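J.: prediction below, plus the sequence it came from.
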Amino acid sequence: MTVRDPMVTGRWKRLGLQAFGCLCVGLGCMGAVMPVLPTTPFLLLALWAFARSSPRFHDWLLNHPKLGPFIADWERDRVIPLRAKVLACTGMGVSLIWVIGFSAAPWPAILTMVAVMAYGAWFILTHPSRRP
């Protein structure tokens, strides 16, 4: 059983959220094949938008054979699989090394990047890896 956010009122708000959800699904699918574009955040945003605007799209995304299991685990139990944690933290580390070692980014930008990545890593690592 999943928990849905309350549906928004107003046709234009609902259509806007549906369009945003579709855009996020498209970006998430692109991220599945492009290494620089993340998949999961876009799919979670789509799930949120569809939960507020379209039960049909929400259920479609949750029951999708490839995309559904991971986001259903998140929606139900706030689970982030161990493989996703390792890939995310490794990707952040490699990106940081690349920016520090091979770019001309100013130090304030690098420090901001470190802060954002540290928060992201903390968020990822403090969530369970398996369903209870």
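T.: All right, it came through fine. Note that the structure is a prediction, hence the values are computed from the model and not measured.
J.: from now on I want contacts and neighbour counts done on CA atoms only, so please keep to that.
T.: OK.
J.: contact partners for M30?
T.: Residues near M30 by Cα atoms under 8 Å, 6 or more residues apart in numbering: 37, 39.
J.: could you look up the SS state of it?
T.: Judged by DSSP: H, G, I helix; E, B strand; the rest coil, the three-state class of M30 is helix.
J.: secondary structure element for L61?
T.: Assigning secondary structure by DSSP states H and E places L61 in helix 55-62.
J.: look up how far I110 lies from V99.
T.: 8 Å (Cα to Cα, to the nearest Å).
J.: what's the answer for F57, then?
T.: According to Cα to Cα, F57 stands 39 Å off from I110.
J.: tell me which element A105 falls in.
T.: Per DSSP H and E, there is no helix or strand for A105.
J.: isn't L96 up against A115?
T.: No: with contact defined as Cα atoms under 8 Å, L96 and A115 do not form a contacting pair (11.0 Å).
J.: so where's this structure shaky on pLDDT?
T.: Counting by pLDDT under 70, the ranges of the chain that qualify are 1-5.
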